[in-house]
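Chemist: Sequence and predicted structure, then a few things I'm wondering about:
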Amino acid sequence: MKRIATALGVALMALATIQCGGGGDTATEADTIKIGAYLSLTGLTATFGVSTRHGVEMAVDEINAAGGINGRTIEIYFEDTQSKPEEAPSAVNKLIAAHNVSAIIGEIASSRTLAAAPIAQASGVPMVTPGSTNPQVTEVGDYIFRVCYIDPFQGEVLAKFIANSLGATRVAVLRDVKNDYSVGLAQYFTETFESLGGEIVANQAYSEGDADFKAQLTAIRGTDPEVIFVPGYYTESALIVKQARELNLNMPIVGGDGWDSSKLLEIGGDAMENTYFTNHYAADDTTAVVQQFVARYAERFDQSTPDAMAVLGYDAAKILFDAIRRAGSDDRTAIRDALAQTRDFPGVAGVTTIDENRNAKKSAVIIQVKDGALRYYETVNPD
Ligand code: PHE
């Protein structure tokens, strides 16, 4: 009798194993919720991905230490886009096909999110980008969300800052024509700046990966601008500032959130004095929620200071977890619906409400580079 029972038990276990191999739930799978993140962990903008990963890891460890979501542990999978738009679709395909994730975090760069979002949309997998600010990103479809402001707002903030705080009327623009974010931000900036009576005296272009900007900067010098606007990523932008100073272009140079990286001052050095950029948060913001995060991050990651991507990665993960908790399951459509209902979620980089276009309306901060450090300059709230 005992032997028969044992044989039956073994047979049942074998059956369970077969079902598991066929994609069914095992005891352990039912205990976890799988989340994917595709990020630039290597390549030209590696700090975007590495910082975001740090923030996401902090959020995952926190929620799991607190017992998970409705008793289930979060299991996170990371895929590297190598900072290339053409790698983003396969990263997202892998998260869905190989890891069967319930939701996806990423990317940071708008061009990369735009390349991969159609796959998430077609597969019905909710995607939350922590930092892609180009308006087209969420227009891909109703599964695509963001937890940051969009570039029409960022462009307006920059135009008003340059016109009013810097008092400039003649601005030269140098943008990355391979980068949807850069092209869009240059356009939105120009629209507001011209509506304020300003003049774009030069409109120059470069391509991601370029290292020599002397020809564009020489052309810009000939137009005698009061300010140069460089809406690009930190790798090229810091080199542009350096080469501008070498050509005696000593006026203020202004950028957008794409400048934010621990590498900015490393690459640009002293040339970065008298520059400003818009951002999502300032590490020297004295509010308790920011200072607590900065302290916990430094403790965990080798005394480093979190940049905006670390903070937005953390906030994006927390917002996603909150939606999964409210959805009450890891069903992709239920998570999508709950994400769309996000209201007044308190994060480190401000409060997030997802609007009917799956965007967030949030404040921008302006950072000034002064005495070799990034300093909080002012906050601009959306109206
Ligand atoms: N906003 C940038 C984009 O859309 C990405 C970015 C976000 C970079 C935040 C740095 C910090 O491409």
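Modeler: That came through, no problem.

Chemist: Could you pick out the residues of the stretch 1-150 of the chain near the ligand for me?
Modeler: When proximity is defined by CB under 6 Å from any ligand atom, the stretch 1-150 of the chain lies next to the ligand at Phe48, Ile108, Ala109, Ser110, Gly131, Ser132, Thr133, Asn134. Every C-beta, even on glycine, is put in place using the N, C-alpha and C of the backbone.

Chemist: Could you dump the residues you listed into a markdown table and include pLDDT and secondary structure?
Modeler: Shown next, in a markdown table, are these (pLDDT from 0 to 100; DSSP: H, G, I helix; E, B strand; the rest coil):
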| residue | pLDDT | secondary structure |
| --- | --- | --- |
| Phe48 | 98 | helix |
| Ile108 | 98 | coil |
| Ala109 | 98 | coil |
| Ser110 | 98 | helix |
| Gly131 | 98 | coil |
| Ser132 | 98 | coil |
| Thr133 | 98 | coil |
| Asn134 | 98 | coil |
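
Chemist: List the residues that contact the residue of the stretch 1-150 of the chain found nearest the ligand.
Modeler: Using CB to the nearest ligand atom, the closest approach of the stretch 1-150 of the chain to the ligand is made by Gly131 at 3.0 Å. By CB atoms under 8 Å, 6 or more residues apart in numbering, Gly131 lies in contact with Phe48, Thr52, Ile108, Arg146, Cys148, Asp257, His280, Ala308, Met309, Leu312.

Chemist: what about the third one, how many neighbours?
Modeler: This points to Ile108. Other residues within reach of Ile108, judged by other CB atoms under 10 Å, total 32.

Chemist: ditto for the second one
Modeler: Number of residues near Thr52 (other CB under 10 Å) recorded here: 32.

Chemist: helix/strand/coil for it?
Modeler: Secondary structure, DSSP: H, G, I helix; E, B strand; the rest coil: Thr52 is helix.

Chemist: Identify the residues contacting it.
Modeler: Contacts of Thr52 by CB under 8 Å, 6+ apart are Ala37, Leu39, Ile105, Gly106, Ile108, Pro130, Gly131, Met309, Ala310, Leu312, Gly313.

Chemist: What pLDDT does the model give it?
Modeler: Note for Thr52: predicted pLDDT of 98.

Chemist: From Lys318, how far out is the nearest residue to the residue of the stretch 1-150 of the chain closest to the ligand once chain neighbours are set aside?
Modeler: Spatial nearest neighbour of Gly131, chain neighbours left out: Ile108 (4.3 Å); criterion: CB to CB, 6 or more residues apart in numbering. Distance, Ile108 to Lys318, by CB to CB, to the nearest Å: 17 Å.

Chemist: same question, Val92
Modeler: 22 Å.

Chemist: Neighbour count for these two, which is higher?
Modeler: Per other CB under 10 Å, whichever of Val92 and Lys318 has more neighbours is Val92, with 29 against 23.

Chemist: which residue sits closest to that one in space, ignoring its chain neighbours?
Modeler: Nearest non-adjacent residue to Val92 (CB to CB, 6+ apart): Ala116, at 4.2 Å.

Chemist: How far does the helix or strand hosting the one you found sit from its chain's centre?
Modeler: Taking DSSP states H and E as the definition, Ala116 sits inside helix 110-123. Relative to its chain's centre, helix 110-123 lies at 14 Å (CA atoms, centre = their mean, to the nearest Å).

Chemist: so what does it touch, helix or strand wise?
Modeler: helix 88-97, strand 103-106, strand 127-129, helix 136-139, strand 144-146, helix 180-195 (3 or more CB pairs under 8 Å, 6 or more residues apart in numbering; DSSP states H and E).

Chemist: Now render these as a markdown table, adding mean pLDDT.
Modeler: Shown next, in a markdown table, are the helices and strands packed on helix 110-123 (pLDDT from 0 to 100):
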| stretch | mean pLDDT |
| --- | --- |
| helix 88-97 | 98 |
| strand 103-106 | 99 |
| strand 127-129 | 99 |
| helix 136-139 | 98 |
| strand 144-146 | 99 |
| helix 180-195 | 98 |
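
Chemist: got the residue ranges for the strands in this protein?
Modeler: Ranges of strands in the chain, per DSSP state E, are 32-39, 73-80, 103-106, 127-129, 144-146, 170-176, 199-206, 227-229, 253-255, 275-279, 345-347, 350-352, 364-370, 373-380.

Chemist: re the thing from before, which two of the contacts of Gly131 have the greatest separation?
Modeler: Phe48 and Arg146 (14.6 Å; CB to CB).

Chemist: Neighbour count: the two, which is higher?
Modeler: Per other CB under 10 Å, whichever of Phe48 and Arg146 has more neighbours is Phe48, with 32 against 28.

Chemist: Could you find the closest non-adjacent residue to that one?
Modeler: Ile108 is the one closest to Phe48 (CB to CB, 6+ apart), at 4.2 Å.

Chemist: Kindly report the same for Leu44.
Modeler: Ser83 (4.5 Å).

Chemist: which residues touch the one you found?
Modeler: Ser40, Thr42, Gly43, Leu44, Thr45, Ala46, Phe48, Gly49, Ala109, Arg112.

Chemist: what about it, distance to Gln154?
Modeler: Relative to Gln154, and taking CB to CB, Ser83 is found at 21 Å.

Chemist: repeat for Ile144
Modeler: 19 Å.
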